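Asks: Here is my input, please return the structure:
(one chain, ligands or ions: 2)
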Amino acid sequence: MNSIGIVGAGAWGTALAATARRAGRAVTLWARESELVADINATRRNSLYLPDVELLCGIRATTDLAEVAACDVVLLVTPAQHLGATARALAPLWRPGVPAVICAKGIEQGSHAMMTEVVERALPTAAIAVLSGPTFAIEVARGLPTAVTLACADVELGQRLVDAIGTPTFRPYLSDDLAGAEIGGAVKNVLAIACGIVEGRGLGDNARAALITRGMAELTRLAVAKGGRPETLMGLAGLGDLILTASSAQSRNYSLGFALGEGRALADILAERRAVTEGVWTAGAVVELAGSLGIEMPICAAVDAVINQGAELDGVIRALLSRPFRSEGI
Ligand SMILES: NC(=O)c1ccc[n+]([C@@H]2O[C@H](COP(=O)([O-])OP(=O)(O)OC[C@H]3O[C@@H](n4cnc5c(N)ncnc54)[C@H](O)[C@@H]3O)[C@@H](O)[C@H]2O)c1
Ligand SMILES: O=P(O)(O)OC[C@H](O)CO
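Replies: Ligands and ions are numbered 1, 2, ... in the order given. This is a model prediction of the structure:
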């Protein structure tokens with residue numbers, strides 16, 4: 001596994017390029033924006049999505065998907081709602097058995113498909129893995145210490161992936177629980193919006209701790225229903241990522257929630273951002289998926305009501321606080 005292809009040159013794809021290069025791999029980074037490709041190759045910076053980091057030599061940007069598909073491993077790092085189309089574009093170029101490592105965090109709108117299901121459909125001969133966990137791109141790009149979950153059903157292949165991308169400061173922990181890893185990463189974004197709302201509305205630290213904890217219960221219920229294991233959700237891809245995202249203003253999901261809590265309109269907040277805020281697009285899909293499985297996810301439903309149904313924020317908060325008392329088990 002000497003060459004790593006990365007599809008998607010947003011902040012996370014660029015940070016993964018930086019860390020894979022630090023691990024000694026030859027890196028090819030695909031971007032859809034040709035001006036960005038020229039910029040990265042000329043200046044070793046991604047001025048659109050990660051401007052503050054200079055990249056090591058040995059990372060080549062391209063607009064040609066064939067160059068990425070020719071690599072030993074391909075990391076899929078587009079926003080979740082675009083992963084299906086991107087994987088379908090890769091399909092004619094795919095060589096059977098090449099690992100496809102899903103690094104996007106979300107659930108597909110409409111189909112309610114997990115990212116593994118989306119990629120399985122588009123690339124049926126790929127060996128699928130999921131990389132998830134508490135990872136702000138800028139910190140990874142700067143080489144600050146970070147630990148992630150790398151989930152792969154084939155543990156021997158998973159170990160080779162860990163060895164290919166791991167470094168002393170980018171530490172993958174191996175798992176075989178893909179469902180747990182990907183549901184943790186997808187749902188924590190919705191919960192982080194809720195935590196941002198609480199902070200922006202001035203509801204206090206107690207309320208945020210309660211949301212994180214009861215959010216964990218929601219996230220775990222959904223993961224178990226999809227075949228995941230509770231202990232995975234207690235690890236980096238669940239609790240670890242939820243703690244990070246639900247308590248840091250660096251998070252795009254948390255900061256969007258904070259602005260909503262302050263009373264700003266969703267459209268205005270989104271209009272100011274180039275970066276993707278995945279929880280906005282996943283909230284509805286999570287709630288619909290949970291509904292189809294008969295699972296209660298009241299915090300995610302509250303976020304969905306605010307974001308997608310124009311519900312008035314204080315009314316939604318009052319409704320959450322008026323739910324019947326219940327026992328604490330998951
Ligand atoms: N940024 C992080 O810290 C971080 C960390 C872990 C995981 N992730 C996940 O990685 C994924 C990518 O996020 P990011 O932060 O790199 O994005 P970003 O916000 O930095 O950049 C947006 C990306 O979306 C791409 N894009 C926009 N429209 C597109 C389209 N129609 N088709 C394909 N691509 C399109 C852009 O080219 C760009 O690569 C998300 O699922 C995110 O949750 C991000
Ligand atoms: O900035 P956010 O909220 O998209 O979160 C980024 C990563 O997913 C954190 O692990």
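
Asks: secondary structure element for residue 130?
Replies: strand 127-132 (DSSP states H and E).

Asks: how about that strand against ligand 2, any contact?
Replies: No. Contact of strand 127-132 with ligand 2 (Cβ under 6 Å from any ligand atom) is absent, the minimum separation being 7.9 Å. Backbone N, C-alpha and C define where each C-beta goes, glycine included.

Asks: pull the CA atoms of the helix or strand that that strand is followed by into PDB?
Replies: Once the chain leaves strand 127-132, the next helix or strand it forms, by DSSP H and E, is helix 137-141. Extracted C-alpha coordinates of helix 137-141, given in PDB (Å, rounded to 0.1, in the frame of the first residue of the first chain):
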ATOM      1  CA  ALA A 137      -8.900  18.700   9.900                       C
ATOM      2  CA  ILE A 138      -6.700  21.600  10.700                       C
ATOM      3  CA  GLU A 139      -5.200  19.800  13.800                       C
ATOM      4  CA  VAL A 140      -4.500  16.600  11.700                       C
ATOM      5  CA  ALA A 141      -3.000  18.700   9.000                       C
END
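
Asks: Is there proximity between helix 137-141 and ligand 1?
Replies: Yes. Helix 137-141 reaches ligand 1 (Cβ under 6 Å from any ligand atom) through residue 137.

Asks: Which SSE is immediately downstream of that helix?
Replies: Following helix 137-141 toward the C-terminus (DSSP H and E): strand 146-152.

Asks: Can you pull up the most central residue in the chain?
Replies: residue 105 (2.5 Å; Cα atoms, centre = their mean).

Asks: That residue: what's it in contact with?
Replies: If you count contacts by Cβ atoms under 8 Å, 6 or more residues apart in numbering, residue 105 has them with 80, 115, 132, 182, 185, 186, 188, 189, 278, 282.

Asks: gap between the closest residue to it other than its chain neighbours and residue 278?
Replies: Spatial nearest neighbour of residue 105, excluding adjacent residues (Cβ to Cβ, 6 or more residues apart in numbering): residue 185 at 3.7 Å. Residue 185 is 9 Å from residue 278, where distance means Cβ to Cβ, to the nearest Å.

Asks: more crowded one of these two?
Replies: More neighbours surround residue 185 than the other of residue 185 and residue 278, with 33 against 24 (other Cβ atoms under 10 Å).

Asks: three-state assignment of that one?
Replies: Counting by DSSP: H, G, I helix; E, B strand; the rest coil, the backbone at residue 185 sits in helix.

Asks: coming back round to it: turn the contacts of residue 105 into TSV, columns for distance to residue 261 and pLDDT.
Replies: Output for the contacts of residue 105, formatted as TSV (distance: Cβ to Cβ, whole Å; pLDDT from 0 to 100):
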residue	distance to residue 261	pLDDT
80	24	98
115	29	98
132	26	98
182	28	98
185	23	98
186	22	98
188	18	98
189	16	98
278	19	98
282	19	98
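
Asks: and whichever residue of the stretch 201-330 of the chain sits closest to ligand 1, how many residues sit next to it?
Replies: Per Cβ to the nearest ligand atom, residue 275 is where the stretch 201-330 of the chain lies closest to ligand 1, at 3.4 Å. Residue 275 is flanked by 14 other residues according to other Cβ under 10 Å.

Asks: Contacts only, for the residue nearest to it when sequence neighbours are not counted.
Replies: Sequence neighbours aside, residue 252 is the residue nearest to residue 275 in space, at 5.6 Å (criterion: Cβ to Cβ, 6+ apart). Applying Cβ under 8 Å, 6+ apart, we find residue 252 in contact with 273, 275, 276, 277.

Asks: Tell me which residues are up against the strand holding residue 130.
Replies: So strand 127-132 is contacted by 75, 97-103, 105, 115-116, 119-120, 148-154, 157-158, 161, 172, 178, 181-182, 184-185, 236-237, 241 (Cβ under 8 Å, 6+ apart).

Asks: which among the residues you listed are in contact with ligand 1?
Replies: Okay, of those touching ligand 1 (Cβ under 6 Å from any ligand atom), that's 103, 105.

Asks: same for the helix or strand hosting residue 213, what does it pack against?
Replies: Take DSSP H and E as the rule and residue 213 turns out to sit in helix 205-225. Applying 3 or more Cβ pairs under 8 Å, 6 or more residues apart in numbering; DSSP states H and E, one finds that helix 205-225 contacts helix 178-200, helix 230-233, helix 241-245, helix 278-293, helix 298-308.

Asks: and stretch 46-62, which residues are buried?
Replies: 46, 48, 49, 50, 53, 55, 59, 61, 62 (16 or more other Cβ atoms under 10 Å).

Asks: I misspoke; the intended subject was stretch 249-263.
Replies: In stretch 249-263, counting by 16+ other Cβ under 10 Å, buried: 251, 252, 253, 254, 255, 256, 257, 258, 259, 260, 261.

Asks: Likewise for stretch 145-164?
Replies: Buried residues in stretch 145-164 (16+ other Cβ under 10 Å): 146, 147, 148, 149, 150, 151, 152, 157, 158, 161, 162, 164.

Asks: Now do the contacts for the third one.
Replies: When you say that, I think you mean residue 148. By Cβ under 8 Å, 6+ apart, the residues touching residue 148 are 131, 132, 133, 134, 135, 170, 171, 172, 173, 236, 237.
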